[in-house]
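**Student:** give me a 3D structure for the following:
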Amino acid sequence: MTAAENVCYTLINVAMDSEPPSEISLKTDLEKGEIKAKAEALKKVIIMILNGEKLPGLLMTIIRFVLPLQDHTIKKLLLVFWEIVPKTTPDGKLLQEMILVCDAYRKDLQHPNEFIRGSTLRFLCKLKEPELLEPLMPAIRACLEHRHSYVRRNAVLAIYTIYRNFEHLIPDAPELIHDFLVNEKDASCKRNAFMMLIHADQDRALDYLSTCIDQVHTFGDILQLVIVELIYKVCHANPSERARFIRCIYNLLQSSSPAVKYEAAGTLVTLSSAPTAIKAAAQCYIDLIIKESDNNVKLIVLDRLIELKEHPTHERVLQDLVMDILRVLTTPDMEVRKKTLQLALDLISSRNVEELVFVLKKEVIKTNNVTEHEDTDKYRQLLVRTLHTCSVRFPDMASNVIPVLMEFLSDSNEAAAADVLEFVREAIQRFDSLRPLIIEKLLEVFHAVKAVKIYRGALWILGEYCSSKEDIQSVMTEVRRSLGEIPIVENEIKKELGEVKPEDEVTAAPMQKLVTEMGTYATQSALSSSRSSKKEEDRPPLRGFLMDGDFYVAASLATTLTKLALRYISLVQDKRKQNSFMAESMLIMATTLHLGKSTLPKKPITDDDVDRISLCLKVLSECPPLMHDIFNKECRESLSRMLAVKLEEEKLSQKKESEKRSVMVQADDPISFMQLTAKSEMTSKEDQFQLSLLAAMGTTQRKEAANLQASKLNKVTQLTGFSDPVYAEAYIHVNQYDIVLDVLVVNQTSDTLQNCTLELATLGDLKLVEKPSPLTLAPHDFANIKANVKVASTENGIIFGNIVYDVSGAVSDRNCVVLSDIHIDIMDYIQPASCTDAEFRQMWAEFEWENKVTVNTNITDLNEYLQHILKSTNMKCLTPEKALSGFCGFMAANLYARSIFGEDALANVSIEKPVHLGPDALVSGHIRIRAKSQGMALSLGDKINLSQKRGGS
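**Tutor:** From the prediction side, this is the model:
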């Protein structure tokens with residue numbers, strides 16, 4: 001273990017701008033100062049030693065003038081001082097002065113104050129010199145019988161570390177601690193003693209546990225946690241012991257401590273795969289999620305439940321607990337609800353779908369008209385999507401769900417209403433039996449729809465699926481009701497003139513002349529404008545949309561009326577009724593056209609909408625058979641094709657998921673019999689405690705790929721040249737939120753380099769955590785220096801710096817070697833992610849930073865170029881494969897990714913291959929990147945620029 005990797009017990013903050021004091025002034029303060037002055041001087045000495053100063057002249061001064069003092073602050077500072085001060089001569093022998101220090105600590109171990117005894121025992125855990133510890137052993141043993149628990153528990157820790165490092169000093173430690181444990185009453189002392197036995201003598205620990213296994217549930221939580229760890233380790237090493245301890249683990253699931261319950265549940269799952277064990281563990285996890293208030297805890301435990309579900313045999317057990325899992329929805333946090341609903345969806349089956357849908361319906365109704373939480377709208381949207389998925393997978397449920405959801409079409413939150421509408425559209429197309437119910441409910445809520453987008457969708461559904469004469473008449477009635485009195489222009493002018501003129505003076509003749517004068521006339525006085533705004537509020541919904549200048553809804557209305565009119569003709573034989581319905585439809589279209597051309601709306605009608613309405617008028621006036629087929633058959637067929645493709649994609653993704661989770665066992669695989677398995681083979685499974693510790697320390701062993709590209713060598717960056725006096729190279733380890741630089745420094749000279757310091761600085765959203773400490777390098781020696789850099793956001797960062805050093809015996813200034821820049825790659829933080837088309841469009845509109853990258857590559861195939869960009873940027877293509885298949889000379893695709901910091905990155909690839917230039921023509925076009933932050937957009941653009949050139953070469 002190098003000096004840099006040794007465990008650091010004490011961290012001391014140093015004020016960087018303070019001037020270092022001289023050795024003489026420190027000596028004076030330590031000798032003659034007051035208690036406060038001595039304490040301050042001692043602090044300065046500690047900081048100077050930590051910064052690499054030796055200060056050998058002060059050691060005797062501190063022993064003579066500071067060590068005998070009884071002040072508690074001084075004694076605490078002295079513990080830190082003795083921890084860091086060099087205790088040996090350069091040849092490795094113990095300093096003579098340390099005998100005096102040892103005697104002082106023997107006295108402190110017999111001090112009447114329990115704090116001084118306890119803190120001295122803690123300090124002894126950090127000593128690495130057996131010569132210092134040997135004379136103190138009788139005093140340490142005596143501390144095991146002290147009246148105060150603080151002293152006893154620290155005595156146990158001291159004995160454990162001494163036994164682990166220097167077993168010869170106390171060979172009977174396990175026996176001593178076992179006897180201590182049997183008679184001890186304090187929970188913290190018992191926990192430390194039991195912990196020592198686990199690591200020093202597991203058999204004794206098991207003997208003790210066997211004697212008190214029935215009382216485990218009465219122990220304190222800290223001791224219970226250690227018992228869980230022991231049981232896990234014993235059963236992991238020797239699976240035949242499982243039956244002996246599994247009852248104890250079951251009992252610990254009922255512990256009052258959440259930490260014990262969590263660990264016990266995790267251990268139970270690893271010890272047994274019996275359905276009762278899995279059910280008990282899952283139930284324990286669910287209780288923890290519901291009772292714990294911290295959202296982070298909820299998310300961690302939910303992840304454990306999701307891991308359980310990944311195992312095929314456990315999934316069936318969890319399916320019976322779906323209703324319990326749904327109790328977690330009482331949590332207001334959106335992320336927790338999202339994960340819970342996803343888990344419930346994954347566990348849905350024909351046995352539990354009815355209850356699940358019932359609970360979700362109740363939750364949806366609860367969210368209605370509730371505005372106390374900002375996430376209510378998002379939650380409602382999430383519930384609607386979950387119910388949608390349930391209904392698609394289990395069509396029998398659709399009839400229960402639709403009436404409840406239809407109420408939300410009139411919701412003020414457009415996103416939730418849009419999800420309901422999408423669900424209704426899919427249901428009405430797939431389930432013929434539900435069509436009358438859906439149309440009836442849709443007509444009921446039609447007049448209350450507030451959002452124009454929802455209104456358009458509802459119009460389309462009514463126009464497409466109303467097949468009876470009564471339904472068609474009902475739609476026409478609702479349209480007339482929603483449009484108000486027609487002709488619209490004439491009616492609106494009458495209203496405006498009614499504000500300033502008496503009713504009887506208004507005549508029809510001058511009406512037409514006033515159309516162009518409306519803009520100035522209506523806003524002539526404050527009185528008339530206030531009234532007109534009141535009139536706007538009173539307008540029927542469809543008229544309100546048209547007056548706001550949204551004529552896309554008029555085009556949609558025209559299409560709907562055309563479909564209905566063509567269907568009405570085929571249903572009703574009476575010519576008068578046919579003509580009447582068609583005339584009414586044409587009048588509505590004509591009046592909307594007239595309104596669009598007038599100056600009444602806030603925005604005039606667009607040419608596209610004029611063309612569509614004119615086309616519909618022409619179709620109704622001529623009724624050609626071809627148009628009848630296009631309007632009434634082709635539209636529905638295109639929808640059914642789209643839904644079929646969507647369903648196929650969903651099934652494909654589910655199949656991939658199930659394939660990923662299914663445990664593949666070959667026919668000729670050997671069968672493992674536990675009784676015949678060698679002990680070494682039993683321990684082949686990974687130790688969960690060890691894995692979690694490694695993960696917490698950020699040193700998880702990743703499985704490296706066999707090829708050189710993925711090996712660690714690929715991440716080594718050369719920082720200096722081979723001819724420089726100091727050669728340096730760095731291995732860059734990216735671990736989510738921080739980067740560890742492991743820098744190898746080689747002295748290539750024949751001189752001793754003193755105070756060799758690695759000085760680093762950062763550019764971008766990176767922050768250096770601590771300054772690396774100086775080193776002394778012997779001739780041709782090498783050392784490793786570690787530096788930690790914190791990362792705050794996803795953008796390209798640069799680490800730059802130099803190595804400065806003094807040459808031993810030289811009189812010149814400090815020498816400096818400038819290092820090459822280290823570029824931190826954005827790809828380490830970006831992960832592929834999915835989102836819906838609506839979410840993509842919404843984010844595209846919201847994000848203000850856009851970076852447009854021109855395609856510059858040697859790749860000649862459009863699909864190959866897209867795959868190369870996906871691979872280079874870690875993004876996911878949202879455009880379905882079917883839409884990208886085939887060749888037509890151009891391609892457009894949407895890409896999406898998410899950073900580990902929760903930042904979204906969107907990209908739109910618009911590329912083409914000019915066919916007229918022949919088969920070797922290069923791909924051209926551009927990629928537009930959008931992100932919330934400027935750094936993300938620029939960094940992603942730079943990455944694409946670099947990779948597309950490399951791909952082309």
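**Student:** so where's the stretch 651-800 of the chain shaky on pLDDT?
**Tutor:** For the stretch 651-800 of the chain, the stretches with pLDDT under 70 are 654-712, 736, 793-794.
**Student:** quick one: terminal-to-terminal distance for stretch 600-615?
**Tutor:** With Cα to Cα, to the nearest Å as the measure, stretch 600-615 spans 24 Å from end to end.
**Student:** now residue 721: which helix or strand?
**Tutor:** Per DSSP states H and E: residue 721 is located in neither a helix nor a strand.
**Student:** what of residue 176?
**Tutor:** Assigned by DSSP H and E, residue 176 belongs to helix 173-183.
**Student:** for that helix, name the packing helices and strands.
**Tutor:** Under the contact criterion of 3 or more Cβ pairs under 8 Å, 6 or more residues apart in numbering; DSSP states H and E, helix 173-183 touches helix 149-165, helix 187-200, helix 202-211. Every residue, glycine included, has its C-beta placed from N, CA and C.
**Student:** among those, single out whichever gets nearest to residue 789.
**Tutor:** The closest of these to residue 789 is helix 149-165. By Cβ to Cβ, the value is 32.5 Å.
**Student:** mind giving me the packing neighbours of that closest one?
**Tutor:** Using 3+ Cβ pairs under 8 Å, 6+ apart, helix 149-165 sits against helix 114-124, helix 137-143, helix 173-183, helix 187-200.
**Student:** next, format those as JSON lines and append distance to residue 273, mean neighbour count and mean pLDDT.
**Tutor:** Below are the helices and strands packed on helix 149-165 laid out as JSON lines (distance: least, Cβ to Cβ, whole Å; neighbours: other Cβ atoms under 10 Å; pLDDT from 0 to 100):
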{"stretch": "helix 114-124", "distance to residue 273": "43", "mean neighbour count": "21", "mean pLDDT": "89"}
{"stretch": "helix 137-143", "distance to residue 273": "46", "mean neighbour count": "16", "mean pLDDT": "89"}
{"stretch": "helix 173-183", "distance to residue 273": "33", "mean neighbour count": "17", "mean pLDDT": "87"}
{"stretch": "helix 187-200", "distance to residue 273": "25", "mean neighbour count": "22", "mean pLDDT": "86"}
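**Student:** in a markdown table: these, plus distance to residue 258.
**Tutor:** Below are the helices and strands packed on helix 149-165 laid out as a markdown table (distance: least, Cβ to Cβ, whole Å):
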| stretch | distance to residue 258 |
| --- | --- |
| helix 114-124 | 28 |
| helix 137-143 | 34 |
| helix 173-183 | 26 |
| helix 187-200 | 17 |
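**Student:** report pLDDT for residue 894.
**Tutor:** Looking at residue 894, its pLDDT reads 91.
**Student:** what does the strand or helix carrying it contact?
**Tutor:** Using DSSP H and E, residue 894 sits within strand 890-899. Strand 890-899 is contacted by residues 793-794, 829-835, 837, 840, 862-863, 866, 869-870, 873-879, 884, 904-913, 925, 936 when judged by Cβ atoms under 8 Å, 6 or more residues apart in numbering.
**Student:** ok, now with 7 Å
**Tutor:** Here strand 890-899 makes contact (Cβ atoms under 7 Å, 6 or more residues apart in numbering) with 794, 829-835, 840, 862, 866, 870, 873-879, 884, 904-912.
**Student:** so which of the helices and strands packed on helix 149-165 is nearest residue 623?
**Tutor:** helix 187-200 (89.0 Å).
**Student:** what about that closest one, distance to the chain center?
**Tutor:** 37 Å (Cα atoms, centre = their mean, to the nearest Å).
**Student:** packing partners for it?
**Tutor:** helix 149-165, helix 173-183, helix 202-211, helix 221-237 (3 or more Cβ pairs under 7 Å, 6 or more residues apart in numbering; DSSP states H and E).
**Student:** buried set for the strand holding residue 894?
**Tutor:** Going by neighbour count (16 or more other Cβ atoms under 10 Å), the buried part of strand 890-899 is 891, 893, 894, 895, 896, 897, 898, 899.
**Student:** Provide the strand pairings for it, with the direction of each partner.
**Tutor:** strand 830-832 (antiparallel), strand 876-877 (antiparallel), strand 904-912 (antiparallel) (DSSP bridges).
**Student:** so which residues make contact with whatever helix or strand comes next after the second one?
**Tutor:** The one in question is strand 876-877. Going down the chain from strand 876-877, the next helix or strand is helix 881-884, by DSSP H and E. Residues from elsewhere that reach helix 881-884 (Cβ under 7 Å, 6+ apart): 645, 863, 891, 893.
**Student:** how about the residues you listed in CSV, adding distance to residue 619?
**Tutor:** Formatted as CSV, the contacts of helix 881-884 follow (distance: Cβ to Cβ, whole Å):
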residue, distance to residue 619
645, 29
863, 40
891, 34
893, 35
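**Student:** pLDDT-wise, what's the bottom of the residues you listed?
**Tutor:** Among the contacts of helix 881-884, residue 645 carries the lowest pLDDT, at 73.
**Student:** how close does it get to residue 638?
**Tutor:** Residue 645 sits 11 Å away from residue 638, taking Cβ to Cβ, to the nearest Å as the criterion.
**Student:** between the two, which has more neighbouring residues?
**Tutor:** Taking other Cβ atoms under 10 Å, residue 645 and residue 638 do not tie; residue 645 has more neighbours (14 against 10).
**Student:** can you get me the start-to-end distance on stretch 53-70?
**Tutor:** End-to-end distance for stretch 53-70: 27 Å, by Cα to Cα.
**Student:** I meant to write stretch 912-926 there.
**Tutor:** Stretch 912-926 has an end-to-end distance of 9 Å (criterion: Cα to Cα).
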